[in-house]
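Trainee: Got a predicted structure here, sequence first:
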Amino acid sequence: QVQLQQSGAELVKPGSSVKISCKASGYTFTSYDMHWIKQQPGNGLEWIGWIYPGNGNTKYNQKFNGKATLTADKSSSTAYMQLSSLTSEDSAVYFCATPLGAYWGQGTLVTVSS
Amino acid sequence: DIVLTQAPLSVSVTPGESASISCRSSKSLLSSKGITSLYWYLQRPGKSPQLLIYQMSNLASGVPDRFSSSGSETDFTLKISKVETEDVGVYYCGHRLEYPFTFGSGTKLEIK
């Protein structure tokens, strides 16, 4: 069955970067986009963008241009999202998900604090 | 960006009763291919969202048929018949018509 296993919680300092991962299994990783979604505490969902692991193509929500960078490693069926120049506004749970949101990872909590 | 407005903010339902949640779009979600790009998700407490409905009215795999959805190009309704305790959580509508994809702000369903 399809599974998306995300990396663990991160506590990072303001101004730094963090890279979180999403390991896919149960389907052909290179055939489907991987989407990333942000959820701030007590708030709704915000779409960040997607990457197509087959060729590395990406599409970003303009709001996250320069903030998020999506990559993928075909050899390990793992998608990555790097968040840079972190501020308190980046503290959130980040999810990876397959197209249409049929499958979601368990979420990765990123806390930005000095 | 397309704005999705959900109502009510919260709803309290007696088990066995029905509940309806509204989602209104600032733009038609009917694509040039004749598909209405409206999706419904449920996020149970402490869990990841799960897909309930895709393309306005299609039940996702494994979702009970107590859930149904209908609508026009801009106004949509999720109906939950015979509510059960496992239906507790926050319901979100979302679209994938154009970039950026956006979500409604959510409707919290509680059990009386």
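Mentor: Sure, I can see it. Numbering: from 1, shown residues only, chains lettered A, B, ... in the order given.

Trainee: residues from chain A in reach of chain B?
Mentor: Residues of chain A that fall close to chain B, judged by Cβ under 8 Å from any Cβ of the partner chain: A:44-47, A:59, A:61-63, A:95, A:97, A:100-102, A:104-107. All C-beta atoms are positioned from the backbone trio N, CA, C, and that covers glycine.

Trainee: ok, 6 Å please
Mentor: By the rule Cβ under 6 Å from any Cβ of the partner chain, the part of chain A lying against chain B is A:G44, A:L45, A:W47, A:N61, A:F95, A:L100, A:G101, A:A102, A:W104, A:Q106, A:G107.

Trainee: List the residues that contact A:Y60.
Mentor: A:G49 (Cβ atoms under 6 Å, 6 or more residues apart in numbering or on different chains).

Trainee: Lowest-confidence member of the residues of chain A next to chain B, which is it?
Mentor: Taking the residues of chain A next to chain B together, the minimum pLDDT is found at A:L100 (84).

Trainee: For it, the count of nearby residues, please.
Mentor: The number of residues packed near A:L100 is 17, by other Cβ atoms under 10 Å in any protein chain shown.

Trainee: Was I right to think it contacts B:Y54?
Mentor: Yes - look at A:L100 against B:Y54 with Cβ atoms under 6 Å: they come within range, at 5.5 Å.

Trainee: Need the phi and psi values for A:L100.
Mentor: phi 70, psi 0 (degrees, to the nearest 10).

Trainee: and it, what is it in contact with?
Mentor: B:Y54.

Trainee: what about it, distance to B:S18?
Mentor: 26 Å (Cβ to Cβ, to the nearest Å).

Trainee: next one: A:V2
Mentor: 32 Å.

Trainee: where does A:T30 land in three-state SS?
Mentor: Secondary structure for A:T30, judged by DSSP: H, G, I helix; E, B strand; the rest coil, is helix.

Trainee: gap between it and A:A79?
Mentor: The value you get for A:T30 to A:A79, if Cβ to Cβ is used, is 11 Å.

Trainee: So which of the two has more stuff around it?
Mentor: The residue with more neighbours, out of A:T30 and A:A79, is A:A79; 26 against 13, by other Cβ under 10 Å.

Trainee: For my notes, confirm that one occurs in a strand.
Mentor: Yes - the assignment for A:A79 is a strand, going by three-state DSSP.

Trainee: Can you give me every residue that contacts it?
Mentor: A:C22, A:M34, A:A72, A:C96.

Trainee: Repeat the analysis, applying 10 Å as the threshold.
Mentor: Contacts of A:A79 were listed using Cβ atoms under 10 Å, 6 or more residues apart in numbering or on different chains, and they are A:4, A:6, A:20-24, A:29, A:33-36, A:50-51, A:53, A:70-73, A:96, A:105.

Trainee: And for A:S17?
Mentor: So A:S17 contacts A:T69, A:Q82, A:L83, A:S84, A:S85, A:L86 (Cβ under 10 Å, 6+ apart).
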